[in-house]
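**Q** kindly return the folded structure for what I paste below:
(chains A, B, C, D, E and F, ligands or ions: 9)
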Amino acid sequence: MNQWKNFSKGLIAENAIFVQVLGMCPTLGTTTSAYNGLGMGLATTFVLVMSNIVVSMVRNYIPDKVRIPSFIVIIASFVTVVELTMQAYLPALFEELGLFIPLIVVNCLVLGRAEAFASKNTIWSSTLDGLGMGLGFTLALFMLGSVREILGSGSWFGLKFIQGDGMLLFVLAPGAFLALAYLIAIMNKFNRKNA
Amino acid sequence: MQKYQLKTFPKGGVHPAENKLSAGSPIKILPLPERVVIPVVQHLGAPAEPVVQKGDTVVAGQLLAQSKGFVSANIHASVSGKVFRIEERFDASGYKRLAFVIDRHDDTWDPAIDRSDTLHEHITASREEIIRKIQEAGIVGMGGATFPTHIKLNVPKGKKADILIINGVECEPFLTADHRLMLEKSKELMVGIRILMKALGVDRAVIGIEQNKPDAIDLLSSLAEKSSGITVQALKVKYPQGGEKQLIKAITGREVPSGALPVDVGAVVHNVGTTLAAYEAVQKNKPLVERIVTVTGKSLQEPSNFLVRIGTPVAEVIEAAGGLPEDTGKVVLGGPMMGKAVSKLDIPVTKGTSGILILPDSEAHRKPVQPCIRCAKCVSVCPMGLEPYLLMSLGQHQLWDKARRERALDCIECGSCSFICPADRPLLDYIRLDKMRIGALIRKEKKAVS
Amino acid sequence: MSNTVLYTVISLSGLGAIAAVILYFVAQKFKVTEDPRIDEVEDVLPHANCGGCGYPGCRQFAEACVKADSLEGLFCPVGGNEVMARVAEILGLEAVEEEPRVAVIRCQGSFENRPRTSHYEGATTCAVEHALYTGDTDCPWGCLGLGDCVEACNFEALYMDEKTGLPVVIDENCTACGACVEACPRDIIELRKRNKKDRKIFVSCINEDRGGVARKYCSVACIGCSKCFQVCPFDAITMGNNLAFIDSDACRLCRKCVPVCPTHSILEINFPAPRVKKELVTTAGADSSGKTAGTKDTATGKKSSSGDSTETQNKND
Amino acid sequence: MEYFVILISAIFVNNIVLAKFLGICPFMGVSSRLETSVGMTGAVAFVMVLATIVTYLLQYYVLNPLGLGFMQTITFILVIAALVQMVEIVLKKVSPELYQALGIFLPLITTNCAVLGVAILTIQGKYNLPEAVVFSFSTALGFGLALVLLSSIREALDMVEVPKGMKGIPIAFVVAGILAMAFMGFAGLV
Amino acid sequence: MLSMFLALFLVTLISATILGFVYEFTKDAIAESRAAKQTEALKKVLPPFNNNPVQEMYKKAVDGDTLYFFPARKDSALVGIAVNTFSPKGFSGMIRIMVGFLPDGTIRDVAVLEHKETPGLGEKMVRSKSDWSVQFQGKNPKTFKLAVKKDGGDVDAITASTISSRAFCDALERAYKNLTEGGAK
Amino acid sequence: MNKLLTVSLSPHVHGKDSTSRLMTGVVIALLPAWAVSVYYFGWAALYLPVLSVVFCMFFEFVIQKYMLKRASSLKDGSAIVTGLLLAFTLPSSLPVWILAIGALVAIGVGKMSFGGLGTNPFNPALVGRVFLFISFPVQLTSWPVPKGFHTSLTDAVTGATPLGLLKEGMRSGEQVSTLLKNVPDHMQMFLGYMGGSMGEVAAAALLLGFLYLLWKKIITWHIPVTILTTVFLFSGLLWLINPANNADPVFHLLTGGVMLGSIFMATDYVTSPMTPKGMIIYATGIGLLTVIIRRWGAYPEGVQFAILIMNAFVPLINMYVKPKRFGEVKKNG
Ligand SMILES: Cc1cc2nc3c(=O)[nH]c(=O)nc-3n(C[C@H](O)[C@H](O)[C@H](O)COP(=O)(O)O)c2cc1C
Ligand SMILES: Cc1cc2nc3c(=O)[nH]c(=O)nc-3n(C[C@H](O)[C@H](O)[C@H](O)COP(=O)(O)O)c2cc1C
Ligand SMILES: Cc1cc2nc3c(=O)[nH]c(=O)nc-3n(C[C@H](O)[C@H](O)[C@H](O)COP(=O)(O)O)c2cc1C
Ligand SMILES: Cc1cc2nc3c(=O)[nH]c(=O)nc-3n(C[C@H](O)[C@H](O)[C@H](O)CO)c2cc1C
Ligand code: SF4
Ligand code: SF4
Ligand code: SF4
Ligand code: SF4
Ligand code: FES
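**A** Ligands and ions are numbered 1, 2, ... in the order given. Predicted coordinates for the structure are as follows:
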């Protein structure tokens, strides 16, 4: 039961993007389409889960003073792993996501979870926490990507359902901000009703 | 077309409909009331201390209460009769305050007072005597602020006044008391001016009059030619031309610095009513027990100007002007821009009551407040260069410190901003709140320091 | 192959080591000491930043506590004794216990009890109306009903009862921070001792006019007749300025004074319903039952208050 | 002229926040008050330039010669983290006033992807060292511009009644969106 | 102090080791996928060939950048030349295109290698986004004027993206000019 | 008298101005330009603005009633002005559904998200217009030919705007002086004889509206005059330096949205500064940005962006540019 909560809280109630407003840059920068959003979300989830696991593993051996630098190194290692792997096997997606893959390192969400959760909890809880948070993040990215792709290109996962173009603005920078603004507002409302 | 060289203050101001309905009606003497109510505070400052008791018989002009403290003024009986009570009574302040209730017997006056119409032109009193007599007569500014006049005449050491400005602007719509006074008491006024000049030790006096009173400008100009040092300055019709700081700026070009007094730029401003009262006090020993009151309003039968004894109930003055119209929605003491609305009519006329304005119900109400559209009209009409929309907003959000930095205290409460606002926002209401709260803050700071 | 791995290992751990060493020495060299207890104390405070303690915010209060030699005069009304005990523990000092308090509204001048004599228009704040005149009734003491106090309360412990035009305290929410006391231009709100079950008895009027005058403006005004003063067995009531005042620290809630008041100026709140006198319900009905309702149901406003008042009456029948 | 182009590009055309989506978290986080925005801008500018110089040297004098390009991310972040902490410690001692003004932002900067982003972009853009300095500094200026504009607007919005659901973050994003839209007008300038 | 140091050192050590190995492991795959892009483009724009054009590649520096020529042979007969060409005039900067010419100068096909044009607008030059670039297939620049119709050429511009279209033409024109000047080899 | 007297603070009288009166004034001032537009562009120019107003009012009503749950403010007329101005900045050939999206964005995003009238930091009509411009570049840059318009450069359906022609030409490296031979002469442009948005073409009619606004004291001269002067001086300077590569300043004043923007859009109360000094700073910024974008930017026209960008500076300007206070004590004077 408790473990279920560790997992599920990240999906909606403590959703990184809608509720905590963390990790905004990849959220905005990579969500030009549902596919990209999903890809970025999963990449982040991978790093999040792995670093959570490792951090909770080593948490008792790391002195307080070097906690943050150690965590950063751990996270950065996994990011580099993702980076290299993607470059090798998913070059197209890697090109689309570009700069934002290395920037997973500084995604406040990842370090935040390592700090706030993994460094205080068991491996299993931390794994679930990372998974929940990561999937919540992915869900949000996917939603935002879908909205932007549908409105902006008139397609979903590349499947066109209107002739011609959509509202171009949504695939561009301003559209990212606007779409996210209203998504957060809607989620706020939804969360408040549920609470 | 323009006959005069007009002057005015440079920034801001509005031009409400003038509505000087009673300009043509000469001053009438109001029948004496049966009972008067004379509050112990009719001025800005500390209440005067009663020197008569309940049951005492007094004559008109007799001292009822002695000024107490530096900023305060004497109070005199305006009728002869018996002190029925000394108790708290509602007055124009909106609250109950200590007042003498006198039942009138007849119209006996203190024998020292000269009530004849003879003009005493020759000024025998010395500077000190003038100021003392004015102080004893309980004269306060009749231009609205009711600030004790003798204090303004006592130029503080180290400062020097070089010009006396007589405020005959009467920029408030509807009001005509000063206008009539200038027409009907012009000779006395000129003597009064010379008295004030002597008291201040200045050799220059300028009478400022708005251009919408050409008869007064002509009359006083012709009289002024005969006395050296006195001139008349016609002013553009623009509210608040009569505001002290605006008037000084218009006439002398000097700007009273924020937080400073007019004497700091060498000017002293007195209202024409005050000047007349000074004449009567110095030349005729007469204390301030009556004043000219304009009773006006579009629905009123006979808008008029009355010479009214202090303490007369407002209701009686209205009665004399044809009675309160059926559709009355609001009664204002003073003009529509700065006057004070009252909730009841049995309150007395006091030294500061320049007019009684009756507004029909259709004009008595404020329109619903709408959101500020940031049209900047309030900013552009503010004669003090403030930003009323901001001050109001700060007031609503209780940001007093910020309001203080935005100089809420400089506001002269002229009401131009509320008047102009297309969104009908109660700007001045909130600016007053700012000022009150800032005042409290300052007092707290001062206490903390000492 | 092994070359790359070797370089990687050397450069990265070298970098880590260099960074660690530099940081270590920099940290040694530029050490700054700040009392860490300030943070600790701040942590246990409620973070309401309401100013109820007399300091601008929780942080400043924490600083003051850390600096002070004793906690006398330092009290966080929101956190109450519990929080102060923890602060004391951190600082190794003795906590000074304060009686819990709660705000009460000392005016019953509802629309029904106090005739309106004029119509006010303008800024909807009591402060402005107060500066202008007595308000739309003639009572210069009474509540103006524009809710400056409600606005001031950070804890949603006050609401305006639209039926009476008077504010109502929700006892559970009130932290006795005093913000409303400060905000009310007429000094109507008082912080009184909190009794068991939030019971309270107090003179709900502050009119200092002579009895006749006061009565003219408001039917439930205290007229200073001293009847309650005479009947109080515990000397909890003082008379002055035509007004009775019940000292909440001395009052033992015996309720003897309540029925003797000829104007029903004394309110009893949160006492068992059947004992409520019938007249009281009718004269001060909406008001007092509103308060009862408030204690029963925190969040709901006037709706449940009217519901409750019928309930009370039914019980009486 | 080259420097001027870099400057205009980094501030207006390719504004780091409004066009490149970097540093959004602090952009949203500290923009509720103008004063803090100015402080944050100062702190970011300082760290950004410093970090760019150090990472530049690291890349060209350590990583590249050793063929360790793939270690960019991990080494850069390590250097930045250490740098920020160092700045924090030194500042606290040397200039407490400045620390008061900037200190609270410094920890935020470690996890500000703008700093790492600029360091990486400098390498990707193949700038030389002086250009890199100009680039990082003007990027910080662009960050500051966007931040100051947003915070001044948010302060103004504090004075009006924004609908409940939109208050706070959502409305800030709407403003950012419209700002980004307006800044698209600079397209093509360089 | 020591434990602190040791911990950090160990963490970095382990990370570094792992990273080193991962890098080694993926190195070839990365290089491969990079190369694949070019060969794929070559395959797309050239007729079938059986030599290795990359080996025979030669360069030419023009207009401040470089053109790359990839001769394709089938059984050592020249069947076409692919040019990696560029234009700096794109809406948002540099565009690189691979264009394949038949020996007579006819364009066989084009493939965009690199661009920063706006999604939904200039981006349409990419085949996966729209079929716009199909119009160049089988056109010989000798008779087909490589300029948009607005400028008096024969190319239909992408709607609302004249600039990108123009840059596209510019790149092709550059390739063609240098190819014919340098002469087919 | 049995009614209670009303008591309130002074002043007890109020001027004639009201929000709805001001908005009506703006609508009246827009009528001449509308008339010219109908003359040149036909029926579409008549019904599109009407539809735009209807859409704006509809969205404002719906959002206010069902989403914000606040009292309706349709009566103040600001939605009418927004609707009209939105339509005036669009080509008359615009499909109605795009217009509807524009109105939704203008009112929903540009205005109601912030709380409605008086709260929005950006000009709603321009938010709508720029949104459409970026989202639907094709439709937004197709200009119908005005009635009786003949030049060799236009095909039958679309007539480019003079600024569009200029930018196009400059892009393909032609000399500006030769390009300018192809556009209508100044007098024709002054009267609205050119391609462009519905409401922007006729400088003469817009100036008439300007005079009306000034006469009715709805706006002050500061913003429009400063923008026009800045555009004139800056483009004039460029022209003097290199007449071959720059258009003359009068051309810049008469073309594009400068007139409409400076008189009707930059002056929007809500989104412009509060003091004359602030207005001049703001307007100078708009003027400079307009010319910069026209001359060096990617887009032929820059007014819409310039105004939005300067809108963002308004809170800062209001914070730091204060009116001249009466009796300001000079420091160390
Ligand atoms: C506390 C106080 C002290 C004043 N002292 C002087 C003074 O020394 N000399 C003077 O000429 N006026 C003095 N004044 C009067 C004011 O300058 C001013 O004339 C008066 O408040 C009425 O102005 P008003 O009707 O424009 O409000 C004083 C006013 C106040 C409130
Ligand atoms: C907005 C405003 C308008 C005023 N208008 C007049 C006026 O029309 N006539 C007048 O005598 N005083 C007017 N006053 C009062 C003057 O400022 C000043 O107090 C007065 O002339 C001083 O003379 P006194 O002390 O004799 O009253 C006005 C004050 C204010 C703030
Ligand atoms: C956000 C935005 C992005 C644009 N991106 C491009 C682009 O990538 N390529 C392009 O040629 N035009 C682009 N344009 C359009 C040009 O600015 C301009 O409208 C066009 O080149 C000229 O119109 P035309 O092609 O219809 O002649 C873009 C426009 C906008 C609003
Ligand atoms: C002089 C003036 C100009 C206006 N200009 C615009 C405008 O350009 N765009 C717009 O949406 N509303 C305009 N309005 C209407 C109104 O101010 C606008 O809808 C508000 O910005 C909404 O809060 C204008 C109003 C006036 C009085
Ligand atoms: S006059 Fe009224 S609407 Fe205009 S700015 Fe001032 S407060 Fe706002
Ligand atoms: S702010 Fe004060 S001085 Fe200025 S217009 Fe309003 S009332 Fe007059
Ligand atoms: S009711 Fe008064 S004392 Fe109680 S919490 Fe609210 S403001 Fe504080
Ligand atoms: S209790 Fe005081 S503050 Fe509250 S509504 Fe009454 S008068 Fe206003
Ligand atoms: S994700 Fe970029 S700053 Fe937080």
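
**Q** can you give me the helices for the stretch 101-250 of chain C?
**A** Secondary structure of the stretch 101-250 of chain C by DSSP state H, counting those that start in this stretch: the helices cover C:126-132, C:148-152, C:179-183, C:211-217, C:227-231.

**Q** so for chain D, which of those sits nearest?
**A** helix C:148-152 (14.3 Å; CB to the nearest CB). C-beta here means a position set from N, CA and C on the backbone, and glycine is covered the same way.

**Q** and the helices of the stretch 101-250 of chain C, which is most packed in?
**A** helix C:126-132 (a mean of 23; mean count of other CB atoms under 10 Å in any protein chain shown).

**Q** contacting residues around it?
**A** Identification of contacts with helix C:126-132 by CB atoms under 8 Å, 6 or more residues apart in numbering or on different chains yields B:94, B:429-430, B:432-433, B:436-437, C:120, C:122-123, C:135, C:143-149, C:183-186, F:7-9.

**Q** and of the helices of the stretch 101-250 of chain C, who's closest to ligand 6?
**A** Among the helices of the stretch 101-250 of chain C, the nearest to ligand 6 by CB to the nearest ligand atom is helix C:126-132 (14.0 Å).

**Q** make a markdown table out of the helices of the stretch 101-250 of chain C and add distance to D:Phe186.
**A** Conversion of these to a markdown table gives the following (distance: least, CB to CB, whole Å):
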| stretch | distance to D:Phe186 |
| --- | --- |
| helix C:126-132 | 48 |
| helix C:148-152 | 44 |
| helix C:179-183 | 48 |
| helix C:211-217 | 68 |
| helix C:227-231 | 77 |
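
**Q** mind checking how far E:Ala175 is from ligand 3?
**A** 20 Å (CB to the nearest ligand atom, to the nearest Å).

**Q** so that residue touches E:Leu67, yeah?
**A** Yes: assessed by CB atoms under 8 Å, E:Ala175 is found in contact with E:Leu67 at 6.6 Å.

**Q** identify the contacts common to those two.
**A** Among the neighbours of E:Ala175, those also in contact with E:Leu67 (CB under 8 Å, 6+ apart) are E:Val83, E:Thr85.

**Q** the two: who's more crowded?
**A** The neighbour comparison of E:Ala175 against E:Leu67 (other CB atoms under 10 Å in any protein chain shown) goes to E:Ala175, with 30 against 21.

**Q** ok, that one - contacts?
**A** Contacts of E:Ala175 (CB under 8 Å, 6+ apart): E:Leu67, E:Val83, E:Thr85, E:Ile97, E:Val99, E:Phe101.

**Q** what of B:Pro148?
**A** By CB under 8 Å, 6+ apart, B:Pro148 lies in contact with B:His43, B:Leu44, B:Gly45, B:Ser67, B:Val71, B:Ser72, B:Ala73, B:Gln135, B:Ile139, B:Val140, B:Gly141.

**Q** so who does the closest residue to F:Leu208 other than its chain neighbours touch?
**A** Closest residue in space to F:Leu208, ignoring its immediate chain neighbours: F:Pro32 at 4.7 Å, by CB to CB, 6 or more residues apart in numbering or on different chains. Applying CB under 8 Å, 6+ apart to F:Pro32 gives the contacts F:Ala202, F:Ala205, F:Leu206, F:Leu208, F:Gly209.

**Q** mind running it again at 10 Å?
**A** Contacts of F:Pro32 were listed using CB atoms under 10 Å, 6 or more residues apart in numbering or on different chains, and they are F:Ala202, F:Ala204, F:Ala205, F:Leu206, F:Leu207, F:Leu208, F:Gly209, F:Tyr212.

**Q** for those residues, give me a markdown table that also has neighbour count.
**A** A markdown table is the format used below for the contacts of F:Pro32 (neighbours: other CB atoms under 10 Å in any protein chain shown):
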| residue | neighbour count |
| --- | --- |
| F:Ala202 | 28 |
| F:Ala204 | 17 |
| F:Ala205 | 24 |
| F:Leu206 | 27 |
| F:Leu207 | 17 |
| F:Leu208 | 16 |
| F:Gly209 | 25 |
| F:Tyr212 | 17 |
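
**Q** please identify which of these is nearest to ligand 2.
**A** F:Tyr212 (32.3 Å).

**Q** the closest one is in what secondary structure piece?
**A** For F:Tyr212, the host element (DSSP states H and E) is helix F:203-215.

**Q** give the helix, strand or coil label for the closest residue to B:Ala321 other than its chain neighbours.
**A** Nearest non-adjacent residue to B:Ala321, counting by CB to CB, 6+ apart: B:Val295, 4.1 Å away. Three-state assignment for B:Val295 (DSSP: H, G, I helix; E, B strand; the rest coil): strand.
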